[in-house]
Every structure is written in C-alpha cells, then in structure tokens.
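In: Attaching a predicted model along with its sequence, questions to come.
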Amino acid sequence: MALSSSTAFRRILRGTSSSFSQLKFTFSPRRQSSSFPLDEDSGIKELPPLTTPKLFVSGLSRLTTDEKLKDAFSPFGQLLEAKVITDRVSGRSKGFGFISYATIEEADKARYAMNAKFLDGWVIFVDPAKPKERRPLTSSSPEPEASETGFRSNKTIGWCG
DNA sequence: GTTGAGCGTT
C-alpha cells in the first residue's frame, strides 16, 4: 500500500510456480467477516480519481517499445507523450514507461482500461505518475540552504580549489 | 534471449 497495490499483485502473479503450499492465509474460521478492510467497507475497487494526466506504466516487457506503448494507449485519448524508459547505458528498456494524456479524463479512462492488462505477454499496471519536476514557479524552495555564504568548512583541507 | 523494483530525457 506504499505506492500502489500493483506491486503486491505482481509478486503473486509471478510466484505461482513455487511457494504454493507455503502460502498462509490469515483467515480465521471463527470470524465470518470484518477481516479485510477493503472488502466490505470500500465495497468496490474504485480507485480515487487522478490528479494528473500523467500515467506511470509498469510491468512492461523488455521488448516493449514506445510504439507498442503508444499503440496500446492511443485509442483511449490523445497522447501527449508515450515513452518507454530505457537505460542510457545499456540502451535497453527499464520495464516501465510514462503516458501523458491531454486531459485527466482520458488518463483515468485509459488507466481503468489498461490496468492489469496484458501487453507483450506481460501484465502491465497503470498508476498515476509522480511529478518529475517540482516548483516550476511560485512557492519557495523547502531547502533554504542557509549559511555557506561566506564560510566553507575546511573539511577538504589540502585542496585549495 | 537476459524475467523484474520501480518514476523519465529534456
């Protein structure tokens, strides 16, 4: 529940070959209900509305490219950006990508439509992306970064420049 | 070919 419930599901989906008999269900036969908080209280698995048209897609196959991602998310709305993050060093896909829609509605629709779906043989998960850039304008920086204006600790003694 | 946690280039 840290970031999203996708992580837990991914582990389960991938761990079907082993640790089956070792699975322990914390299910008490005495209790008939009120065991899981998200089963009767929430009622339905409705995720909260998006606050950003940017989506973070994880669980992508390493063979999946931007075109594949764009082709998979294009019918749900106008894509401002659809990119699979690839490592600059290795040049291979990192296994996740970003989808930017024009509006949040499209992003929300695509998110519900493509979440936990198959892409290139892998189950992908769509979640709201975290802001990459912060403080584009207005507001002040949380780190005042005081001092160090004239004094500099001579920890690096021996290096004069 | 590279199998699996995570949030990108300007």
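Out: Now that the structure is in, tell me what you want to look at.
In: Run through who's touching stretch A:71-80.
Out: A:53, A:55, A:57, A:70, A:82, A:99-103, A:105-107, A:109-110, A:113-114, A:119 (Cβ atoms under 8 Å, 6 or more residues apart in numbering). For every residue, glycine as well, the C-beta is placed using N, CA and C.
In: Give me the secondary structure label for residue A:95.
Out: strand (DSSP: H, G, I helix; E, B strand; the rest coil).
In: what about it, neighbour count?
Out: 18 (other Cβ atoms under 10 Å).
In: How about residue A:115?
Out: Counted with other Cβ under 10 Å, residue A:115 comes out at 18.
In: Go ahead and confirm it touches residue A:125.
Out: Yes. Between residue A:115 and residue A:125 there is a contact at 6.1 Å, judged by Cβ atoms under 8 Å.
In: So which residues of chain A form strands?
Out: A:54-58, A:79-86, A:93-101, A:117-119, A:122-128 (DSSP state E).
In: Just the pLDDT for residue A:149.
Out: pLDDT, residue A:149: 51.
In: how far away is residue A:83 from DNA strand B?
Out: Counting by Cβ to the nearest atom of the strand, to the nearest Å, the gap from residue A:83 to DNA strand B is 4 Å.
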